[in-house]
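>>> Please work out how this folds:
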Amino acid sequence: SMAWRLSYEDSLAKLTYGLANSDHLAVMITCAPGESTAVVYGEAQPDSPRLVRASMGPAALDPLTGGDAYVSLIPLQDASLTGLASNGSIRLVGDAGPTVLRADRAERRLAADFLAYCGSARV
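Numbers count the residues shown, from 1 in each chain. Here you go, the predicted structure:
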């Protein structure tokens, strides 16, 4: 089943939504401590007016295999990200139209941990 996961690679935090034990991810959001902006990879992107496309077009991105992915930048304090932590949902828009991803209580905590880690000045 699809689930949210939080992992760390060096100093980078990665919040992903995808199939358990698989490389197939619907979306991946990354950030580093002290940065005010998160990077979003995926076919669908957060539905926010503050989203900035970083890629000119779709790019095949590891680990988002099997599809085109866009790269975008979004403020950590954006309502789409904070809403995932506070009310357990995030609205994404993509070629297939809008979709809402849900997070349960434990997954909401992961989202909150992600935002707290990135918002800190920890090095």
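>>> is residue 73 in a bridge, and if so with what?
Applying DSSP bridges to residue 73 gives these bridge partners: residue 39, residue 52.
>>> how deep is it tucked in, by neighbour count?
By other C-beta atoms under 10 Å, the residues close to residue 73 number 13. The C-beta positions use only the backbone N, C-alpha and C, and glycine is treated the same way.
>>> correct me, but it touches residue 39?
Yes. Contact status for residue 73 versus residue 39: in contact at 6.0 Å, counting by C-beta atoms under 8 Å.
>>> show me where this protein has strands.
2-9, 12-19, 25-31, 37-42, 45-46, 52-53, 59-61, 64-75, 89-94, 97-102 (DSSP state E).
>>> Direction included, what does the second one pair up with?
Going back to what we said before, that points to strand 12-19. Sheet pairing for strand 12-19, using DSSP bridges, gives strand 2-9 (antiparallel), strand 25-31 (antiparallel).
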